[in-house]
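Student: just a sequence and a predicted model for now, questions to come.
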There are 2 protein chains.
Amino acid sequence: MSAHEGVAEAVGVGAYAVIFTSLRTEGDQGYAQTSDEMVALAREQPGYLGMETARGPDGVGITVSYWRDLESIRHWKACSDHLAAQRAGRERWYRAYRVRVCRVEREYAFEAGR
Amino acid sequence: MSAHEGVAEAVGVGAYAVIFTSLRTEGDQGYAQTSDEMVALAREQPGYLGMETARGPDGVGITVSYWRDLESIRHWKACSDHLAAQRAGRERWYRAYRVRVCRVEREYAFEAGR
């Protein structure tokens, strides 16, 4: 599915998904730049498998990042630049969020015309 | 978090998340109405715990539905009106999608001003 930017490649059963669902505050307040930086930084982390993100006009956003194992997720959560972004998120960018760490149990895909 | 429309309530460790990531085709083609109907129908199903959805201007959409157990997911997947919608999705609405069924292993939340 590499031709489909935005839908992560297969990650495999036993991989982990971190579902981050959030409601933004008003205005950018430095959010867009840091968000881009965090995406680039996540890609460099050990165990990173992919990311999907969408935010609708109602301000609800969902970002799902995929990881090889729980250790990779712990490492990324404790990354110092990421910790600073998490703090700014609570102080300025998010009215609310919920994080769910999940183990992938099944995975399948569809592509039109295949 | 009931005051925060769009972010599902806590579902608890051991619940299941179905992550549906998709790329839409051009135009509505009956999508919006069926989508609303499927959301309403899902809410009535046994084991339904919540839903979160976002679609950005790039056409990438993520819908996460939460369920009590795998049996509830099987039941919803095989629901006849839902089967018809899945078929229309493959024929008309989606260029590509990927589905991941995941077990929730950890869950936490943030609310500003709490």
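Tutor: Thanks, I have it. Numbering: from 1, shown residues only, chains lettered A, B, ... in the order given.
Student: which residues make contact with stretch A:103-114 from outside it?
Tutor: A:1, A:4, A:7, A:10-17, A:66, B:16, B:25, B:70, B:90, B:94-103, B:105 (CB atoms under 8 Å, 6 or more residues apart in numbering or on different chains). Just so you know, the C-beta spots here come from the backbone N, C-alpha and C atoms, and that holds for glycine as well.
Student: tell me what residue A:48 is bridged to.
Tutor: residue A:67 (DSSP bridges).
Student: just the mean pLDDT for the strand ranked longest in chain A, thanks.
Tutor: Scanning chain A for the longest strand, with DSSP state E as the assignment, gives strand A:94-111. Strand A:94-111 shows a mean pLDDT of 97.
Student: now that strand against strand B:94-111, angle please.
Tutor: Interaxial angle, strand A:94-111 versus strand B:94-111 (axes from the mean of the first three to the mean of the last three CA atoms, to 10 degrees): 160 degrees.
Student: buried ones in the longest helix along chain A, by neighbour count?
Tutor: If you go by DSSP state H, chain A has its longest helix at helix A:31-43. Neighbour-count burial for helix A:31-43, counted by 16 or more other CB atoms under 10 Å in any protein chain shown, picks out A:31, A:34, A:35, A:38, A:41, A:42.
Student: so the last one touches residue A:51, yeah?
Tutor: Yes. At 6.4 Å, residue A:42 counts as touching residue A:51 under the criterion of CB atoms under 8 Å.
Student: which of the contacts of stretch A:103-114 are buried?
Tutor: For the contacts of stretch A:103-114, a burial check counting by 16+ other CB under 10 Å picks out A:1, A:4, A:7, A:10-11, A:15-17, A:66, B:16, B:25, B:94-103.
Student: is it possible to get CSV of the buried residues of helix A:31-43 that adds distance to chain B?
Tutor: Output for those, formatted as CSV (distance: CB to the nearest CB, whole Å):
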residue, distance to chain B
A:31, 14
A:34, 17
A:35, 12
A:38, 16
A:41, 21
A:42, 17
